[in-house]
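Chemist: Sharing a model prediction with you, sequence too.
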Amino acid sequence: MRPVGATPSLFVQTPALSDALSKSASATAQSTTPSATPQQQYPIIPSRMVLGRSLLQIGSHKPPADPRDKALLPYLFKPDGKVSEQRLDNGDIQCCYPVAHVPGNPDNPFEATLVFGRNSQLKELSAKSMSNPERTFPSTSFTSTRAPGLFGSSDLAQLSNEMLGRIAEHAASTNPNGLLALRQTNWHLNAIADSHITPEQRFLINHGQRLGDIGFSADAMLFLAEMPEEVRSFVLEHCATLHAAGHIAYDMRKLAEKPEEVRSFVLEHCATLHAAGHIAYDMRKLAEMPEEVRSFVLEHCATLHAAGHIVYDMRKLAEKPEEVRSFVLEHCATLHAAGHIAYDMQELAEKPEEVREAVIKELKAKG
């Protein structure tokens with residue numbers, strides 16, 4: 001059993017994956033404590049809350065002296081937007097987030113800042129109004145109210161399956177990152193929490209880190225997670241190769257939708273073509289051209305690229321008569337050094353032989 005606050009094995013530390021998981025739910029991290037009943041003047045302060053990738057222990061604190069602060073405090077544990085995290089020099093984590101609307105408070109909206117230690121114990125809480133610079137909630141210290149130990153070893157074991165299911169369902173609907181934390185908290189809860197993970201979230205859990213490492217954004221991961229299995233499988237199998245050859249997420253998905261002949265051609269030759277200045281679109285376009293054009297470009301792209309030819313120039317040369325192609329290939333380095341662009345070379349190659357020879361002779365004479 002893993003203590004709360006330790007990084008679960010399925011957690012991925014890339015911001016893109018965390019963002020993708022959050023976007024797959026209807027809201028971001030919320031307190032695990034139910035809302036206040038109509039009879040309560042203020043909502044109660046929760047004993048725990050799911051925040052970002054952690055299940056925080058709130059603990060005890062000295063009550064604020066100002067009645068306004070006392071009324072505001074419970075609402076500061078209700079995030080309503082993106083939660084940003086920063087690791088401090090001492091190893092603690094500082095989180096900032098916009099606070100949910102505080103009923104009847106003229107200083108809405110507020111932003112809360114929490115600092116918690118490696119044991120997921122809240123240490124400090126402060127807040128400020130985003131509309132009134134003079135309205136702040138003073139920094140308040142929190143301490144643990146329980147003896148050190150593993151949360152879940154006794155507390156969760158005493159809960160019924162129905163209650164565990166409600167906890168997992170709440171986490172799934174508000175913050176999938178918190179749901180993953182619950183899976184690692186208690187072996188019994190793991191199976192219950194796992195049943196609430198959607199197929200899209202499971203795809204992100206299993207493959208998000210690898211996709212994030214090669215530049216997939218949160219939106220790109222989600223988009224791929226919702227595509228047909230054939231597309232997902234192709235991208236997952238070949239993403240490293242294609243990324244090294246300059247493909248972004250969009251390019252990989254487009255290639256996955258192409259016929260097998262096109263996909264095979266690009267996968268086999270993408271490294272060679274990338275080194276010769278081809279982008280992903282160029283590779284797909286070349287793969288759909290006649291075999292004679294493909295073969296010529298593949299064989300000579302390195303030489304022509306070194307002589308200043310862009311992709312368009314290579315394909316145009318491939319469509320020229322053999323005499324023109326041979327002349328350009330033989331003399332392109334000399335002509336390029338003398339300032340000729342690809343169009344000049346092809347135009348010269350189509351002139352009478354005596355003109356071509358005269359130009360090459362003159363250039364060689366100049367050294």
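Modeler: Good, I have the coordinates.

Chemist: tell me which element the closest residue to Leu304 other than its chain neighbours is part of?
Modeler: Using Cβ to Cβ, 6 or more residues apart in numbering and skipping the chain neighbours, the partner closest in space to Leu304 is Met314 (5.3 Å). Placement of C-beta: from N, CA and C, glycine included. Remark: Met314 resides in helix 311-318, with elements defined by DSSP states H and E.

Chemist: Met49 now?
Modeler: Judged by DSSP H and E, Met49 forms part of strand 48-51.

Chemist: Which elements pack onto that strand?
Modeler: Counting contacts by 3 or more Cβ pairs under 8 Å, 6 or more residues apart in numbering; DSSP states H and E, strand 48-51 packs against strand 54-57, helix 176-183.

Chemist: picking up where we left off before, what does the helix or strand just after the helix holding Met314 contact?
Modeler: Using DSSP H and E, the helix or strand that follows helix 311-318 in sequence is helix 322-337. Applying Cβ atoms under 8 Å, 6 or more residues apart in numbering, the contact partners of helix 322-337 are 296, 300, 303-304, 306-309, 317-318, 320, 344-346, 348-350, 356, 360, 363-364.

Chemist: re the thing from before, show me which residues of the helix holding Met314 are buried.
Modeler: 311, 313-315, 317-318 (16 or more other Cβ atoms under 10 Å).

Chemist: okay, those residues in JSON lines with distance to Pro63 and pLDDT next?
Modeler: Formatted as JSON lines, these follow (distance: Cβ to Cβ, whole Å; pLDDT from 0 to 100):
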{"residue": "Val311", "distance to Pro63": "70", "pLDDT": "95"}
{"residue": "Asp313", "distance to Pro63": "76", "pLDDT": "95"}
{"residue": "Met314", "distance to Pro63": "75", "pLDDT": "96"}
{"residue": "Arg315", "distance to Pro63": "76", "pLDDT": "95"}
{"residue": "Leu317", "distance to Pro63": "81", "pLDDT": "96"}
{"residue": "Ala318", "distance to Pro63": "80", "pLDDT": "95"}
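
Chemist: Ile214: how many residues sit nearby?
Modeler: Counted with other Cβ atoms under 10 Å, residues neighbouring Ile214 total 15.

Chemist: Just list the residues touching it, thanks.
Modeler: 239-240, 243.

Chemist: how about a cut-off of 6 Å?
Modeler: By Cβ atoms under 6 Å, 6 or more residues apart in numbering, the contact set of Ile214 is 239, 243.

Chemist: and it, what pLDDT?
Modeler: For Ile214, the model assigns a pLDDT of 90.

Chemist: Pull up the gap between it and Glu292, please.
Modeler: To Glu292, Ile214 is 34 Å away according to Cβ to Cβ, to the nearest Å.

Chemist: same deal with Pro79?
Modeler: With Cβ to Cβ as the criterion, Pro79 and Glu292 are 62 Å apart.
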